[in-house]
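**Q** Would you be able to build a 3D model of this:
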Amino acid sequence: MTPAANQGLLVSVLASSSSGNVTYIETPQRKVLVDAGLSGKKISALMTSIDRKLEDVDAIFVTHEHTDHIHGVGVLARRYGMDVYANEGTWQAMSAKIGKIDPAQQHVFQMGSTLSLGDLDIESFGVSHDAAEPQFYQFHHDDHAFAILTDTGYVSENIAGVIQNADGYLMECNHDLEMLRNGFYPWPLKQRILGDQGHLSNHDGAATIMEVLGNRTKKVFLGHLSQENNVKTLAHQTVADFLSEHDLAVGTDFKIYDTDPAVADPLTLI
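**A** This is a model prediction of the structure:
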């Protein structure tokens, strides 16, 4: 049985890794996806696993044009009539990759603005990543907020201020520094990941969580783990240890959740 069905702000991280990212968000009036970085078939199966259907999804909010975030966008939009929201730079960068979509389904969502869809307010904010115009989102419903922050090389004071004291987070913990440095990736790729337009490490993610955490925060999902340069247990332990060392009550005041490349997290009330 799903928690508090059709009540409040429900979230399931359907898939999160360097190979594909999809998050499902539901309120009593709206059902949306953030990114669609897997095939339509895989996303459909993940939705079924949480007892939801793609036919009921209203919209997809795209963060940026990298394949692990847009692979299934065109297919889902055409097959299910979903509206697609992205900023102008992302539309220009991804249009050729996702194929034709009915112009009526294409919506420009300007960075730094807030959009209202029924009982769901979506706030956009820019990040530092090697994409055309990368932006992420914070979702608001009934005085609750859920913020998604992955695919950024660093977290500015502005970003931290926007997502301060949310009820829940999906936070990037892309790589373990030692695994990346000692791994098989060529040096230019390592430099890209470690740079200001790359990805947050486990330590970076932990430091960001500590910075934005507030008394409302109850749930933190660790996301976008590299399948080559990280493992769940290491990411989880690194974050938990860092926060505990700074006198934060991990497991009591808030909980840390793992995400998976191919297994959806259960629907969770934020």
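**Q** So which residues make contact with the helix or strand containing Ile60?
**A** Element membership for Ile60 (DSSP states H and E) is strand 59-61. Contact with strand 59-61 is made by 30, 32-36, 73, 76-77, 82-86, 109, 117, 122, 137, as judged by CB atoms under 8 Å, 6 or more residues apart in numbering. In this view, the C-beta of every residue, glycine as well, is placed from N, C-alpha and C.
**Q** Narrow these to those in strands?
**A** Residues of the contacts of strand 59-61 located in strands (DSSP state E): 32-34, 83-86, 117, 122, 137.
**Q** now, which of those sits nearest Ala147?
**A** Comparing the ones in strands among the contacts of strand 59-61 against Ala147 with CB to CB places Tyr137 closest, at 7.7 Å.
**Q** Contact partners for that closest one?
**A** By CB under 8 Å, 6+ apart, the contact set of Tyr137 is 34, 61, 63, 122-125, 147-148.
**Q** And the helices in the stretch 51-200 of the chain?
**A** Remark: helices assigned in the stretch 51-200 of the chain by DSSP state H, counting those that start in this stretch are 67-70, 73-80, 88-98, 157-162, 177-182, 187-194.
**Q** pLDDT at Gly8, what is it?
**A** The model reports Gly8 with a pLDDT of 89.
**Q** Skipping its backbone neighbours, what lies nearest it in space?
**A** Residue nearest to Gly8 in three dimensions, not counting chain neighbours: Leu269, with 5.3 Å by CB to CB, 6 or more residues apart in numbering.
**Q** got it, and Met47?
**A** Leu54 (5.5 Å).
**Q** again with Val127
**A** Using CB to CB, 6+ apart and skipping residues adjacent in sequence, the residue nearest Val127 is Thr152, 3.8 Å away.
**Q** Then Asp204 would be within a helix, right?
**A** Yes. Counting by DSSP: H, G, I helix; E, B strand; the rest coil, Asp204 is part of a helix.
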